[in-house]
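Student: Give me coordinates for this.
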Amino acid sequence: MRTREVFILSLTLVATILVFAPFIWLLGAVFYNGALVLSKVGIGFLFRLPPLPATNDIGGIGTVLEGSLLIVSMAMLIAAPISILSALYIALYEDTPLARLGSTLLSVMVEFPTIIVGISTFLVFGLMMGLSLSALTASIALSVIMIPYTTIQAIEAMRVPKNTVLEAAVALGLRDFHIARIMLTEGKEGVITGVLVGMGKIFGETAALLFTTTTAFNLYASSPLSPVSAIPVLIFNYAFSPYDNWHNTAWGASLILSMIVLGIYLLIRLSLRRGD
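Tutor: Sure thing, here's the model as predicted:
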């Protein structure tokens with residue numbers, strides 16, 4: 001190799017290492033400190049109540065784990081139908097003004113600050129509509145965040161079969177309903193991937209939940225309208241506290257949250273590989 005080629009390859013190698021080094025360091029710190037906590041508490045960490053401050057008890061994340069699963073599930077039930085139907089319209093009628101406007105708004109929503117989503121949701125649904133800091137309020141905020149990610153992925157998934165079958169469908173005299181059905185059937189794996197992408201995004205979301213969930217971490221949700229908290233909110237509050245046992249709980253919760261999110265993205269990769 002020439003000296004110039006070796007120099008360029010060396011620069012690309014160094015740049016690659018610099019890209020992945022912060023992520024590897026962060027993941028290593030979370031897994032190391034989180035594993036120390038879980039080795040002391042065991043599987044009971046997933047079910048026990050969060051601890052009292054300034055004690056030797058590490059406790060667990062039973063309440064906030066339940067809260068996270070509840071609000072993410074509710075957010076998916078809200079966001080998935082809206083995303084799929086919106087994606088069908090935009091992909092089928094992509095040359096219409098409304099579809100173009102929808103595509104532009106989706107791009108804006110992806111970059112929109114989630115903290116504004118959180119405070120706006122709380123003001124409208126929490127205060128004006130009287131839902132307060134409930135699971136429903138939190139799920140609405142997360143669904144707003146999830147919709148653009150899921151919709152954009154679904155549009156791309158359904159655009160491919162549309163381009164393939166559109167001319168044949170028109171020649172056969174099929175109606176738009178039948179074309180949309182074909183698009184959805186052929187692009188279902190991409191649509192499922194989009195839902196998983198949105199789910200992975202909102203599972204670790206913190207900013208929006210600071211305004212829509214409670215910091216009473218010892219409460220189990222009794223209904224969608226009851227107060228609820230989530231793992232990211234517990235991590236945020238415990239990490240900034242002066243208590244060592246809360247710091248340990250935050251490390252354990254960080255490990256559990258990281259494993260959940262990484263598991264979701266592993267499912268995404270498997271789904272994409274299956275689609276290929």
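Student: contacts, neighbours, all on C-alpha from now
Tutor: OK.
Student: Return the set of buried residues in stretch 174-192.
Tutor: For stretch 174-192, burial by neighbour count (16 or more other CA atoms under 10 Å) applies to 179-180, 182-184, 186-192.
Student: all helices for the stretch 101-250 of the chain, in order.
Tutor: Assigned by DSSP state H, counting those that start in this stretch, the stretch 101-250 of the chain shows helices spanning 114-121, 135-171, 176-186, 188-203, 231-239, 244-275.
Student: list the helices and strands the third one packs on?
Tutor: Read it as helix 176-186. Where contact means 3 or more CA pairs under 8 Å, 6 or more residues apart in numbering; DSSP states H and E, helix 176-186 is packed against helix 62-92, helix 135-171.
Student: Check the fourth one too.
Tutor: In this structure, helix 188-203 packs against helix 62-92, helix 135-171, helix 244-275, with contacts taken as 3+ CA pairs under 8 Å, 6+ apart.
Student: wait, which of the ones you listed is closest to V108?
Tutor: Closest approach to V108 among the helices and strands packed on helix 188-203 is made by helix 135-171 (8.8 Å; CA to CA).
Student: What mean pLDDT does the closest one get?
Tutor: What helix 135-171 shows for mean pLDDT is 84.
Student: Same check on stretch 75-92?
Tutor: Rounded mean pLDDT across stretch 75-92 is 91.
Student: Flag every buried residue along it.
Tutor: Buried, per 16+ other CA under 10 Å, within stretch 75-92: 75-76, 78-80, 82-92.
Student: Run through who's touching it.
Tutor: For stretch 75-92, the surrounding residues in contact (CA atoms under 8 Å, 6 or more residues apart in numbering) are 99-100, 102-103, 139-144, 146-148, 150-152, 154-156, 158-159, 162, 180, 183-184, 191, 195, 199.
Student: what do you get for stretch 30-39?
Tutor: Stretch 30-39 is touched from outside by 45, 58, 248-249, 251-255, with contacts defined as CA under 8 Å, 6+ apart.
Student: do stretch 53-72 as well
Tutor: Defining contact as CA under 8 Å, 6+ apart, one finds that stretch 53-72 is touched by 37, 41, 44-51, 135-136, 138-139, 142, 199, 202-203, 217-221, 228-231, 234, 243-246, 248-249, 253.
Student: Of these, select the buried ones using a PyMOL command.
Tutor: Selection of buried members from the contacts of stretch 53-72 for PyMOL, criterion 16+ other CA under 10 Å:
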select buried, resi 37+41+45+46+48+49+50+51+135+136+138+139+142+199+202+203+217+218+219+220+221+228+229+230+231+234+244+245+246+248+249+253
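Student: Quick one: mean pLDDT over stretch 206-222.
Tutor: The pLDDT scores in stretch 206-222 average 89.
Student: whoops, I mixed them up, stretch 121-131
Tutor: Across stretch 121-131, pLDDT averages out at 91.
Student: Buried residues, that stretch. List them.
Tutor: Quick answer for stretch 121-131 (16+ other CA under 10 Å): 121-123, 125-126, 131.
Student: next one: stretch 30-40
Tutor: For stretch 30-40, the neighbour count (16+ other CA under 10 Å) marks 30-31, 33-35, 37-38 as buried.
Student: Most widely separated two among those?
Tutor: Greatest spatial distance among those (CA to CA): V30 and L38, at 11.7 Å.
Student: among the helices of the stretch 101-250 of the chain, which is nearest T212?
Tutor: T212 lies closest, by CA to CA, to one member of the helices of the stretch 101-250 of the chain: helix 135-171, at 5.0 Å.
Student: So which residue is smack in the middle of the protein?
Tutor: With distances taken as CA atoms, centre = their mean, K201 lies nearest the centre of the chain, 2.1 Å away.
Student: Work out the gap between stretch 227-240 and the centre of the chain.
Tutor: For stretch 227-240, the distance from its own C-alpha centre to the chain's C-alpha centre is 16 Å (CA atoms, centre = their mean, to the nearest Å).
Student: So which residues make contact with it?
Tutor: Stretch 227-240 is contacted by residues 61, 63-68, 132-135, 204-206, 209-210, 213-217, 219-221, 246-247, 249-251, 253-254, 257 when judged by CA under 8 Å, 6+ apart.
Student: if we can go back for a sec, now a PyMOL select for only the buried ones of the contacts of stretch 75-92.
Tutor: Of these, the buried ones go into a single PyMOL selection, burial set by 16+ other CA under 10 Å:
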select buried, resi 99+102+103+139+140+141+142+143+144+146+147+148+150+151+152+154+155+156+158+159+162+180+183+184+191+195+199
